[in-house]
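[1] A predicted structure for the sequence below; I have some questions about it.
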Amino acid sequence: MIGSYAKRQWAPDYPWAPTIEEREHFLDEIRNDWGGPVGIELRAPSRAADPEFRAWWSNYLRQGASPGAAVTLTRMNAEIDVRNVLPLVRVPTLVLHRSGDRCLLVEEGRYVASLIPGARYVELPGEDHLPFVGDLDAIVDQIADFLKTADRAGHSDRVLATVLAGRLQHLAGHPVRLEEAELHIRQEIGRSRGRSVTFTKEGFLAAFDGPARAIACAQALAAAGPRLGVSGSFGLHTGECDLAPDGRLSGVAFDRAHEVSTQAREDEVLVTRTVTDLVAGSGLAFTDRGEHTLAAGQEPWRLFAAIENRTGRPIES
C-alpha cells in the first residue's frame, strides 16, 4: 500500500482524517472547479507550479470521472473504515508512505502498518502523495525488494470471511416445504458465491468472500420465505475463520453471526459494525438497532439492519 489510510472521517481516535466541514469544502471545490487541476497542491506539490503537469492532471481527472461521479466517489471514500479488519490480514504486506505527504498524513501510514500483523513499513522522503510523482525509483526499489521475500511467508490456515446465519421458523397459515426451502437456500447461497453451507436445527450457516453479496443473499432469502412456508431472522458478521484442509470454514465468526441472528426480528437482516464498515459505496443502507450483548461477559456490540439497496443495481463486492 502506498499513501494509505484506514478511515476518511475525523474521529477522536483517528485525528488525521478530514473533518466533515473540510470534506464538504472539498466537495464544493469539485463541483465548482472540476476540469481544472483540482487537488494538485496536496497531491503533487513538487509539480503543482508546472503548467504542463497541471494541464495533464486536469485532463487525467476529466477522463477519470464527471463532476457528479467525482463527488459520489469522494463521499463513498469518506465512509470507509477498515480499522477493525486490519489485524485480520494474513498476507505479506508492504506499507509505503512519504514522510511529508500532505494529502494522507504519514501518521496514517504508520497506523495502518501497526495494525497489520508482520507488515513491513517503509517511510520515504518527499511531499508528493501520487506515487508516480517525485522519486518513483525509490518506490519501485522497495516493491522489488519486498517481492523477493514475500513468497517466503508461511501459508495461513485462517481467512477473512463474512458469515451469514439464518434462523428459520414455520410461517403460520402457510404449508411448510422443508425440502424445497433447503434446496432454494443452497441455490441462493451458491448464486452469491457462498460456501461452507451447514444446516442446523435452527436454520443454516454459510460463508462468503464479500459482505455485500452476503447481505444481498440474506435479503433474497427473506423475500422468498412466504412461498416456502418459513420466516427467517438473519445475522451477519465479518471475521477470521479457520480454514480446514477440505476448504470448509469454521470458527468464532460463525458463533458471532449466530448470536447476531438471535437479535434479529422476523425477516430482518442484522449485521455488525464490521460489516457496515466494509460495504461503503455498495449502495446498501442501514438503520441503527443500538447496542446488544451477544454473549455473557462480552462488551455490547452495535448492530445495524440492512434496509435497502439505494442504487437499485445488483450488488457486487
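    Arrived safely. Residues are numbered from 1 along each chain as shown.
[2] show the contacting residues for His256.
    Careful, residue 256 is Arg and not His. Shown in contact with Arg256 (Cβ atoms under 8 Å, 6 or more residues apart in numbering): 163, 237, 239, 272, 294. C-betas here are computed from N, CA, C, even on glycine.
[3] for the third one, give its distance to Arg256.
    Applying Cβ to Cβ, to the nearest Å, the value for Gly239 to Arg256 is 6 Å.
[4] give the residues shared as contacts by the two.
    Here Gly239 and Arg256 have Val163 as joint contacts, going by Cβ under 8 Å, 6+ apart.
[5] point to the helix or strand of the protein where mean pLDDT is at its lowest.
    Each helix and strand of the chain was given a mean pLDDT (mean pLDDT, DSSP states H and E); the minimum falls on strand 301-309 at a mean of 84.
[6] where in the stretch 51-200 of the chain is pLDDT low?
    Residues of the stretch 51-200 of the chain that meet the criterion pLDDT under 70 lie in 151-156, 173-176.
[7] one more time with 90, if that's ok
    Counting by pLDDT under 90, the low-confidence segments of the stretch 51-200 of the chain come to 76-81, 84-85, 87-91, 149-160, 169-182, 196, 200.
[8] and the helices in it?
    If you assign secondary structure with DSSP state H, counting those that start in this stretch, the helices in the stretch 51-200 of the chain sit at 51-64, 67-78, 106-115, 136-150, 178-191.
[9] domains of the chain?
    Taking automatic domain parsing as the domain assignment, the ranges for the chain are 20-150, 158-309.
[10] what about the strands in the chain?
    94-98, 120-124, 158-170, 195-199, 203-208, 230-243, 249-250, 269-272, 284-292, 301-309 (DSSP state E).
[11] what's the separation between the nearest residue to Arg191 once chain neighbours are set aside and Trp34?
    Closest residue to Arg191 apart from its sequence neighbours, by Cβ to Cβ, 6 or more residues apart in numbering: Cys217 at 7.6 Å. Distance check for Cys217 against Trp34: by Cβ to Cβ, it reads 37 Å.
[12] neighbour-wise, which of these two wins?
    More neighbours surround Cys217 than the other of Cys217 and Trp34, with 27 against 18 (other Cβ atoms under 10 Å).
[13] give me the number of residues near the closest residue to Met76 other than its chain neighbours?
    If you skip the residues right next to it in sequence, Met76 has Gly281 as its closest partner in space, 3.5 Å away by Cβ to Cβ, 6+ apart. Neighbourhood size, Gly281 [other Cβ under 10 Å]: 16.
[14] you'd agree Gly281 is up against Thr74?
    No: with contact taken as Cβ atoms under 8 Å, Gly281 and Thr74 are classed as non-touching, separated by 10.6 Å.
[15] quick one: buried residues of stretch 56-76?
    Of the residues in stretch 56-76, those with enough neighbours to count as buried (16 or more other Cβ atoms under 10 Å) are 57-58, 61, 67, 70-71.
[16] what's the span of it, first residue to last?
    25 Å (Cα to Cα, to the nearest Å).
[17] again with stretch 277-291
    Across stretch 277-291, the terminal residues are separated by 16 Å (Cα to Cα).
[18] now do stretch 200-216
    Taking Cα to Cα as the criterion, the two ends of stretch 200-216 lie 22 Å apart.
[19] follow-up on the earlier one: could I get the strands of the chain as CSV with mean neighbour count?
    Formatted as CSV, those follow (neighbours: other Cβ atoms under 10 Å):
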stretch, mean neighbour count
strand 94-98, 22
strand 120-124, 17
strand 158-170, 23
strand 195-199, 16
strand 203-208, 24
strand 230-243, 24
strand 249-250, 19
strand 269-272, 28
strand 284-292, 14
strand 301-309, 18
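[20] just put these in TSV and tack on distance to Leu147.
    Converted to TSV, the strands of the chain look like this (distance: least, Cβ to Cβ, whole Å):
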stretch	distance to Leu147
strand 94-98	9
strand 120-124	11
strand 158-170	22
strand 195-199	30
strand 203-208	30
strand 230-243	24
strand 249-250	29
strand 269-272	35
strand 284-292	36
strand 301-309	39
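[21] count of residues packed around the residue lying closest to Asp255 once chain neighbours are set aside?
    On the basis of Cβ to Cβ, 6+ apart, the spatially nearest residue to Asp255 that is not a chain neighbour turns out to be Ala295, at 7.9 Å. Summarising burial for Ala295: neighbours were counted as other Cβ under 10 Å, giving 10.
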